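>>> Any chance you can model this:
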Amino acid sequence: MAALQIIKSGVQATLQGAPRSGHRHLGVPWSGAADSVSLALANRLAGNRAAETGIEITYGNFSVEFCADLAVAVTGAEASFTLNGQTAPFHETLFVQKGDILELGSPDTGLRTYIAVSGGIRADIFLDSPSTYLPAGFGGHEGRALKSDDVLETARSERTLPQRTRTPDALRYPISSSFALRATEGPDYSDRCATLWTEQFRATRRASRIGFEIEGNLPPDRDGHSGNLPSAGLFPGALQVPPQGRGFLLLSDCQTTGGYPHLLQVNRSDRHQLGQVRPGDSVIFLHRSADQAAEDLRDKHALLSSWVPDIVL
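Residues are numbered from 1 along each chain as shown. Sure, this is the predicted structure:
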């Protein structure tokens, strides 16, 4: 059943849901929401599973017309948000009717906004995942970004509308222009990398769902290894330092192997925040041991799963 029609697609909007797990050994990235927590919260409000397919919108300026009566929720980077011209709230269950129009402006802070609808959104499944991977053109809606006049269908024809609710305040993490990210030492970390924990870095305009570049006082390559290391496995959250001396933080669509020095790893507890860093934002790294990282993850999961029981970080 048709759920909604795109009026304005903005800079980039894609369908994202569960990651493409279990295929990295074949060179296939995970994909999935760059900010998986925001998607999970939107799905909870819309009465769906945490990883149900929703719309990930980069930089806002997006609008849709609904083709059916649905529950809808909007989370992530906050912007002006209206339903039929009337201001509407983020992080609440909203009920729309056929013909209603949702419009989003551009967020002042944060980068990605998420829309979930009751019943989820139908997407092309590739290797057990509905998530869009733009570089190879698979998953999502025909393997591409959404565009004006696209009609999206619900994933399940039979659905029960959820009760109206709102995200608990304790789970609405603030999105600002400064990010403090808990991280552990990477496999190529050495004593010369100690400044990573004391310096502030800034995101540049070189950014995509693969990752984003940071500039600042990164450790010098005293060993001459930049670009000359054997390729090794990589995951979202890795900080690599290519020869030009700027770092690159990897996101959901990142490659599965790489040979640049891997100096640190943003921990799973904070990895979702990477999806909200925009050009010009500042980033600092908070040093954690492996044991501390595991404890942080347990605490974060306990907090979120108290309201979203099936969330996976």
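>>> Give the other helices and strands that the longest helix anywhere in the chain contacts.
Taking DSSP state H as the criterion, the chain has its longest helix at helix 290-305. On a contact count with 3 or more Cβ pairs under 8 Å, 6 or more residues apart in numbering; DSSP states H and E, helix 290-305 meets strand 178-185. All C-beta spots, glycine's among them, are computed from the backbone N, C-alpha and C.
>>> Outside of the strand it packs on itself, list whatever touches it.
The contact list for strand 178-185 (Cβ atoms under 8 Å, 6 or more residues apart in numbering) reads 193, 196, 237, 239, 263-267, 269-270, 273-274, 276-277, 281-290, 292-293, 296.
>>> now do 7 Å
The contact list for strand 178-185 (Cβ atoms under 7 Å, 6 or more residues apart in numbering) reads 264-267, 269-270, 273, 277, 281-286, 288-290, 293, 296.
>>> Are any of the residues you listed buried, and if so which?
Neighbour counting over the contacts of strand 178-185 (16 or more other Cβ atoms under 10 Å) leaves 264-267, 269-270, 273, 277, 281-285, 288, 293, 296 as the buried ones.
>>> Which one of those is nearest to Ser80?
Using Cβ to Cβ, Asp281 comes nearest to Ser80 of these, at 20.4 Å.
>>> tell me which of the buried ones among the contacts of strand 178-185 is nearest to Met1?
For these, the nearest to Met1 is Gln273 (35.1 Å; Cβ to Cβ).
>>> so what's the residue nearest to that closest one when sequence neighbours are not counted bridging to?
The shortest distance from Gln273 to any non-neighbouring residue, by Cβ to Cβ, 6 or more residues apart in numbering, is to Phe179 (5.7 Å). Taking DSSP bridges as the rule, Phe179 bridges to Val283.
>>> Tell me how many other residues crowd Phe179.
Neighbours of Phe179 under the rule other Cβ atoms under 10 Å: 19.
>>> ditto for Lys147
Close neighbours of Lys147, defined as other Cβ under 10 Å, add up to 12.
>>> In a strand, it, correct?
No - counting by DSSP: H, G, I helix; E, B strand; the rest coil, one finds Lys147 to be coil, located in no strand.
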